[in-house]
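Asks: Sequence plus predicted model, see below.
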Amino acid sequence: MKIREVAIKKIIYGSTGAFVVLAFALLLSFTFFAGRILESSLSDGADKLRERLGADMAVVPKGSEDSYQGIILSGEPVECSMDRSIENNLKGMDGVEKVTPVIYLASLNASCCSVPIQIIGYDPETDFVTSPWISDEYTTGEADGDMVVGYNIALDVEGTLTFFGRTYTVKARLNKTGTAMDKSVYVTFDVMDILLADAREKGVEFGEGSSEGLSDRYVSAFLIRTEEGADPDLIAGRILRYGNVGVVQSKNMISSVTGGIGFISKIIRIITISVIAIVVLVTAILSMFRAQTRRKEWAVLRMMGASQSWILRLILTENLLVSFAGAIFGILLAALVIFPFSRFIAEQIELPYYGPGGLKVVLIALAALAVTLVAGAIPAIFAGTKAAGTDCYVLMRDGEN
């Protein structure tokens, strides 16, 4: 009979005490797989954020810096306005390559609006941030409509959205980005003017004076791309001289995000390494104990002609089979926890989160399997070597006591 068949029979009939090893293997594979998926998702989310920002800095109303970061990082719906009169000054500033205005309008959590989300207006004539994503990321063919929606936006039954009492058709849905872009709606300034007028009637304040042509007089921010080699800090200092404005630099925002991701990744690694160490230690103790309690069994096998290497391979095979089963269950359990609740996880950690693709998931699963098998094999080798190396006469004497 082959060693694998003997090992399977012993595991099935419960003569190896494999349940605890199975449980620890499950814990190890679960921790490793879930941890690596989270790390990868956060890292990819940070990369997507860098691509998404597109601008080197944003000029916002003074005191709205945190709100702007909330829009970009978590999609928190806010609205703010500032006079558009400084636009020409920004365009003429040394070191500034491009300037484009944007408008942020928060929909209401009421019957007048389908969902409380961030509506972002952009100027197609000067935009260099939003348009590239819209043109490159269509998931449906280009169609007539007023809005482009993010990946996580749920549409009404008719495939439309209602804001401030008016219904709009949706042109396209963007691919998933793992950023706040997934929770936002994008419109051109002509559509935004209609939204602003309707919002004013519902009590949402934006700008001053007549409701007509608000986007010509007021915006929420100016996005700026600097020339290559220009000093963003120097440009930011010049902008702040205009008075009632604030500046948010993309490099500072990304540094904040990567710092948060680095901290979470460090915690995940510490937990994973700790679990691996504990599992290896406990499995080693259990393996030695099981080998000790089965000494009479080894003696009988030796007397029947089993070699020392055969007993070593039997113990190793038992541990590997149990560890393999535990690893598979652990990976499947982690997948059931991580993937269906990825959106919830992203909302809780408030950091860009972009789930890995199929190939990366498979590679991480294989790595989790390999780590679990190695963690099960090392203790088995020590225990098997001790059991196989003991003299047959001593084994039988111990078995009689």
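Replies: Here it is on my side, so go on.
Asks: thinking Ile103 is in contact with Phe222, fair?
Replies: No - using CB atoms under 8 Å, Ile103 and Phe222 do not qualify as a contacting pair, with a distance of 10.9 Å. No exception for glycine: its C-beta is placed from N, CA and C like everyone else's.
Asks: which residues of the stretch 51-200 of the chain fall in helices?
Replies: Listed in chain order, the helices of the stretch 51-200 of the chain (DSSP state H, counting those that start in this stretch) span 65-74, 87-91, 131-136, 189-201.
Asks: Only C-alpha atoms, please: export the longest one in PDB.
Replies: Taking Å, rounded to 0.1, in the frame of the first residue of the first chain, the C-alpha atoms of helix 189-201 are listed here in PDB:
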ATOM      1  CA  PHE A 189     -20.700  72.800 -17.000                       C
ATOM      2  CA  ASP A 190     -23.900  73.300 -19.100                       C
ATOM      3  CA  VAL A 191     -25.600  70.500 -17.200                       C
ATOM      4  CA  MET A 192     -24.100  71.700 -13.900                       C
ATOM      5  CA  ASP A 193     -25.800  75.100 -14.400                       C
ATOM      6  CA  ILE A 194     -29.200  73.400 -14.600                       C
ATOM      7  CA  LEU A 195     -28.300  71.400 -11.400                       C
ATOM      8  CA  LEU A 196     -27.200  74.500  -9.600                       C
ATOM      9  CA  ALA A 197     -30.400  76.400 -10.400                       C
ATOM     10  CA  ASP A 198     -32.500  73.500  -9.300                       C
ATOM     11  CA  ALA A 199     -30.400  73.100  -6.100                       C
ATOM     12  CA  ARG A 200     -30.900  76.700  -5.200                       C
ATOM     13  CA  GLU A 201     -34.700  76.200  -5.300                       C
END
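Asks: Adjacent strands (with direction) for the longest strand seen in the chain?
Replies: Longest strand in the chain by number of residues (criterion: DSSP state E): strand 96-106. Using DSSP bridges, strand 96-106 pairs in its sheet with strand 118-122 (antiparallel), strand 221-226 (antiparallel).
Asks: For it, buried residues please.
Replies: 96, 98-106 (16 or more other CB atoms under 10 Å).
Asks: ok so, going back, dump the strands paired with strand 96-106 to JSON lines, plus mean pLDDT.
Replies: Formatted as JSON lines, those follow (pLDDT from 0 to 100):
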{"stretch": "strand 118-122", "mean pLDDT": "89"}
{"stretch": "strand 221-226", "mean pLDDT": "90"}
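Asks: For Ala277, which of those strands is the nearest?
Replies: strand 118-122 (44.7 Å; CB to CB).
Asks: can you give me how far that closest one is from the chain middle?
Replies: 24 Å (CA atoms, centre = their mean, to the nearest Å).
Asks: just stretch 247-263 next, same as before
Replies: On CA atoms, centre = their mean, the centre of stretch 247-263 falls 16 Å from that of its chain.
Asks: Can I get it as CSV, trimmed to CA atoms?
Replies: Extracted in CSV, the C-alpha atoms of stretch 247-263 (Å, rounded to 0.1, in the frame of the first residue of the first chain):
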residue,chain,number,x,y,z
VAL,A,247,-3.9,75.2,-1.7
VAL,A,248,-3.9,71.4,-1.5
GLN,A,249,-0.9,69.8,-3.1
SER,A,250,-1.3,66.3,-4.6
LYS,A,251,2.1,65.2,-3.3
ASN,A,252,1.0,66.0,0.2
MET,A,253,-2.3,64.1,-0.2
ILE,A,254,-0.5,61.1,-1.7
SER,A,255,2.1,61.1,1.1
SER,A,256,-0.8,61.1,3.6
VAL,A,257,-2.4,58.2,1.9
THR,A,258,0.7,56.2,1.4
GLY,A,259,1.6,56.8,5.1
GLY,A,260,-1.8,55.4,6.1
ILE,A,261,-1.4,52.4,3.8
GLY,A,262,2.2,51.8,5.0
PHE,A,263,0.9,51.8,8.6
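Asks: model confidence over that stretch, on average?
Replies: Averaging pLDDT along stretch 247-263 yields 78.
Asks: In that stretch, which of the residues would be classed as buried?
Replies: Here stretch 247-263 shows 247-250, 253, 257-258, 260-261 as buried, counting by 16+ other CB under 10 Å.
Asks: can you check stretch 20-27 too?
Replies: Neighbour-count burial for stretch 20-27 [16+ other CB under 10 Å]: 21-27.
Asks: Pull the most distant pair out of those residues.
Replies: Maximum distance among the buried residues of stretch 20-27 (CB to CB): 10.8 Å, for Val21 and Leu27.
Asks: these two touch, right, Ile315 and Ala380?
Replies: Yes - between Ile315 and Ala380 a contact is recorded at 5.4 Å, counting by CB under 8 Å.
Asks: Can you check which of the strands paired with strand 96-106 gets nearest to Ser274?
Replies: Of the strands paired with strand 96-106, nearest to Ser274 by CB to CB is strand 118-122, at 39.8 Å.
Asks: what does that closest one rub up against?
Replies: 71, 75-78, 100, 102-107, 129-131, 163, 180, 183-189, 191-192, 195, 215 (CB atoms under 8 Å, 6 or more residues apart in numbering).
Asks: for that strand, which positions count as buried?
Replies: Buried, per 16+ other CB under 10 Å, within strand 118-122: 118-122.
Asks: which residues of the chain fall in strands?
Replies: Taking DSSP E as the criterion, the chain carries its strands at 57-61, 82-83, 96-106, 118-122, 147-149, 160-163, 166-173, 184-188, 218-219, 221-226, 245-249.
Asks: Given the last one, what are its sheet partners and their directions?
Replies: Listed by DSSP bridges, the sheet partners of strand 245-249 and their directions read strand 57-61 (antiparallel).
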